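**Student:** I'll drop the sequence and a predicted model, then ask my questions.
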Amino acid sequence: MPANSAGLVAKTFAVYAKDIRIEFRNRYATSVVLMFAVTTLAMISFSVGQASLDPQLLAALFWIALFFSAMAGLSAVFVREEESGTALTLRLKADPTAVFLGKLLFNFTLLALVTIVLTPLFFVMTDASTGQIWAFILVLLLGVIGLCSATTLIGAIIARAAFRGALFSVLSFPILIILLLMLVTATTRALAEQPIGEMLMELQGLVAYAVVMLTGSLLLFRFVWRE
Amino acid sequence: MWWQWVLFLAMGAMIVASFLTPAPQQQIGESSRIFYYHIPQAWLAVVAFATSMIYSIRYLRTRQLHLDDRGAIANALGLLFAILATVTGAIFAKVTWGTYWNWDPRQTSIFVLLLIYGAYFSLRGAVADEERRAAMSAVYSIFAFPPAVFLIFVFPRLTPSLHPSDTVLDENLKFSMTTDVASILFGSLVLFTVLYIWIFNLAARVYKLEAVRREDE
């Protein structure tokens, strides 16, 4: 890596700030993902009706809603560069690692925003008990980090391919299934008010997943980006 | 071409032996013979996916398109053997557990593997430019490998499973392989691996000839 670490942080934030500014101009990704999340949630709540659900089913529905919302918008940050023809300039000007980290931060911000909107709505609509609230928030945070770390590289790949929208889910879901399983188990335990020690294995698994996927992405991104 | 004849005769002998010796697992009976075929298939799927990952890394280092071809061939063969292992596994599940499919951890993990490597070929179909396709699919093949390894080796051991590697082969059930069973299984593993290498090399030659023909046109 040619840049020193202080330079990398500054460059990362430059890319991040640029993406945030572009997003604020038309709010395309935010509005699509938010509307997608709310629509999915409404569909779930509507089709479940008045039936009371056990924690496992609630956890599964919650994460499926969030995963599909992520699929709707997390590739936008790369696809936009290709569609507006700005990718080439960014490729010439910026360090690939800084580009990746900037985009990753952007995706994290986007998904965190969606989660913050979706979660209270979810509890209101399904009338679930919040259970272990801090454990639940910790699982949410790890889940959002895991989702972003696995899908940002896939977003970069599909931006260079045809059939982008469908391909993004096809490529991402098989990789995310492990994450989904761990998240559903951990969330079930949190909602069922089991002590946090019970979900230690899932929490370790979630951290390990994010670390592996981030390392892989950082190693591989320049091959996608420079191609 | 002598070794193909050796392979032919040895595979014939292995197949005959797998049906004429006593069934490997007496409690399950005759149907447990499928295990001489199911285990090599699962093993070769793993070998093929690992081969593909190695060729993908080599492609990204050297940018030689024939390495990408080999990565794709290995993944195609891996997918083929994974499908065979899924089918033989489902048949065995029907006989011993009573249903073809019950989302046992092993079945879940092989199903997700099929999804991962099916997605690999969707990606190849969606990129028209040859070099870009090679780079993108190589990256995906490497990126998907750690989750695949987790699914194959870790996940089935974290959750209780009915798969024979956890139940039948368990020492508590007092099933240990006799010398006959072990030697047929070992022979089957070796012979299927040789067969895999042969198919792999043949397919690599076909790709090479096609590349030469494209250059001539």
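**Tutor:** Noted; the coordinates are in hand.
**Student:** quick one: furthest residue from the center of chain B?
**Tutor:** Here chain B reaches farthest from its C-alpha mean at residue B:217, the gap being 36.2 Å by CA atoms, centre = their mean.
**Student:** what's the spacing between that residue and residue B:203?
**Tutor:** Distance of residue B:217 to residue B:203, computed by CB to CB, to the nearest Å: 21 Å. Just so you know, the C-beta spots here come from the backbone N, C-alpha and C atoms, and that holds for glycine as well.
**Student:** dump the residue contacts of the residue nearest the centre of chain B.
**Tutor:** Nearest to the mean C-alpha position of chain B, by CA atoms, centre = their mean, lies residue B:45 at 1.6 Å. Taking CB atoms under 8 Å, 6 or more residues apart in numbering or on different chains, we find residue B:45 in contact with B:78-79, B:81-82, B:85, B:113.
**Student:** and of those residues, the nearest to chain A?
**Tutor:** If you rank the contacts of residue B:45 by distance to chain A using CB to the nearest CB, residue B:113 comes first, at 8.0 Å.
**Student:** report the distance from whatever helix or strand residue A:210 lives in to the chain centre.
**Tutor:** Residue A:210 belongs to helix A:200-225 when assigned by DSSP states H and E. Averaged C-alpha coordinates place helix A:200-225 at 13 Å from its chain's average position (CA atoms, centre = their mean, to the nearest Å).
**Student:** against which helices or strands is it packed?
**Tutor:** With contacts taken as 3 or more CB pairs under 8 Å, 6 or more residues apart in numbering or on different chains; DSSP states H and E, helix A:200-225 sits against helix A:96-126, helix A:133-158, helix A:164-191, helix B:130-143, helix B:145-149.
**Student:** same list (these) but as TSV, adding distance to residue A:222.
**Tutor:** As requested, the helices and strands packed on helix A:200-225 are arranged in TSV below (distance: least, CB to CB, whole Å):
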stretch	distance to residue A:222
helix A:96-126	4
helix A:133-158	10
helix A:164-191	19
helix B:130-143	10
helix B:145-149	18
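**Student:** what's the closest of these to residue B:34?
**Tutor:** Checking the helices and strands packed on helix A:200-225 against residue B:34 by CB to CB gives helix B:145-149 as the closest, at 24.1 Å.
**Student:** in chain B, which spans are helices?
**Tutor:** Remark: helices assigned in chain B by DSSP state H are B:2-20, B:35-62, B:65-96, B:105-126, B:130-143, B:145-149, B:155-158, B:179-216.
**Student:** which one of the ones you listed is the most hemmed in?
**Tutor:** Sort these by mean neighbour count, taking mean count of other CB atoms under 10 Å in any protein chain shown, and helix B:130-143 sits at the top with a mean of 23.
**Student:** got the CA coordinates for the lowest-mean-pLDDT helix or strand in chain B in CSV?
**Tutor:** The helix or strand of chain B with the poorest confidence is helix B:155-158; it has a mean of 78 (mean pLDDT, DSSP states H and E). The C-alpha coordinates for helix B:155-158 follow below in CSV (Å, rounded to 0.1, in the frame of the first residue of the first chain):
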residue,chain,number,x,y,z
PHE,B,155,-21.3,-25.8,10.0
PRO,B,156,-22.4,-29.5,10.0
ARG,B,157,-20.4,-30.1,13.1
LEU,B,158,-21.9,-27.2,15.0
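**Student:** wait, does that helix contact chain A?
**Tutor:** Yes. Helix B:155-158 reaches chain A (CB under 8 Å from any CB of the partner chain) through B:155, B:158.
**Student:** which stretches of the chain aren't confidently modelled?
**Tutor:** Here I'm looking at chain A. Applying pLDDT under 70 to chain A picks out residues A:1-4.
**Student:** hmm, I had chain B in mind actually
**Tutor:** Along chain B, the model assigns pLDDT under 70 to residues B:165-176.
**Student:** tell me which parts of it are close to chain A?
**Tutor:** So far as CB under 8 Å from any CB goes, chain B lies against chain A at B:60, B:112, B:115-116, B:119, B:122-123, B:126-128, B:131-132, B:135-136, B:138-140, B:142-144, B:146-147, B:150-151, B:155, B:158.
**Student:** which residues touch residue A:224?
**Tutor:** Contacts of residue A:224 (CB under 8 Å, 6+ apart): A:153, A:156-157, A:160, B:135-136, B:139.
**Student:** and chain A, which residues reach chain B?
**Tutor:** Counting by CB under 8 Å from any CB, chain A sits next to chain B at A:153-154, A:157-158, A:160-163, A:167, A:170-171, A:173-175, A:177-178, A:201, A:212-213, A:216-217, A:220, A:223-224, A:227.
**Student:** fine, thanks again, bye for now.
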